[in-house]
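Undergrad: Have a look at this prediction, sequence included:
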Amino acid sequence: MDPTLAVFRGLKRAGIDFAASVPCVNLQQLLTMVSEDPAIIHVPVTREEEGVGVCAGAWMGGRRPVLLMQNSGLGNSINALASLDFLYKIPLLMIISHRGCEGEPIVGQVPMGRLTPGLLEAMQISRFSPAPDQAEETVAWAWSLAAAEHKPVAVLLDLQFWRGR
């Protein structure tokens, strides 16, 4: 199965109806699918912490939000996640393109790539890294967990995922 289509189907299965996004080459096709779906409000943002805030407002307005971003921006969003989502128990699904892993061609991505799992663990954010054939189910489940626990949940998708493993 096409990895991008699997993630998109997972979003649809979860009832996601609001997406904020920061551009990433790995998310490009997914961003197109989301922005062309009339059932999903798509708001491009300039920084990840802005996306956290916009998604929090969407949740308060009755929407099911997802933040589509690259892991390099996780550091930018830590304070917003802690002082907004955790403090006010706001669920958020984060689909994160995990750069800096095996096969990464840009050396500048590697340090944050190594730190990303530990940052999520330190923040007590559950994370999942599915194979493409399990992405639809995992994405839907991740939203269910975020909604049940009233906190952010991350789905990390590395270069191998986008290449279909």
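TA: Nice, I can see it.
Undergrad: State the helix or strand in which the spatially most central residue of the chain lies.
TA: By CA atoms, centre = their mean, the chain has its centre lying nearest to Ile95, at 1.8 Å. If you go by DSSP states H and E, Ile95 is part of strand 92-98.
Undergrad: buried sites along the next helix-or-strand element following that strand?
TA: Downstream of strand 92-98, the next assigned helix or strand under DSSP H and E is helix 110-122. Neighbour-count burial for helix 110-122 flags 112-113, 116-117, 119-120 (criterion: 16 or more other CB atoms under 10 Å). Any C-beta I mention is one placed from the backbone N, CA and C, and that applies to glycine too.
Undergrad: just stretch 90-104 next, same as before
TA: 90-101.
Undergrad: Any idea how far that stretch is from the middle of the chain?
TA: Between the centre of stretch 90-104 and the centre of its chain there are 6 Å (CA atoms, centre = their mean, to the nearest Å).
Undergrad: Show me the strands in the protein, by range?
TA: Along the chain, the segments classed as strands by DSSP state E run 18-21, 41-44, 65-70, 92-98, 126-128, 152-158.
Undergrad: got JSON lines for those strands, with mean pLDDT and distance to Asp85 too?
TA: Listed next are those as JSON lines, based on pLDDT from 0 to 100; distance: least, CB to CB, whole Å:
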{"stretch": "strand 18-21", "mean pLDDT": "98", "distance to Asp85": "13"}
{"stretch": "strand 41-44", "mean pLDDT": "98", "distance to Asp85": "17"}
{"stretch": "strand 65-70", "mean pLDDT": "97", "distance to Asp85": "10"}
{"stretch": "strand 92-98", "mean pLDDT": "96", "distance to Asp85": "6"}
{"stretch": "strand 126-128", "mean pLDDT": "98", "distance to Asp85": "13"}
{"stretch": "strand 152-158", "mean pLDDT": "97", "distance to Asp85": "5"}
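Undergrad: mind listing what Gly164 touches?
TA: Residues near Gly164 by CB atoms under 8 Å, 6 or more residues apart in numbering: 2-3, 132.
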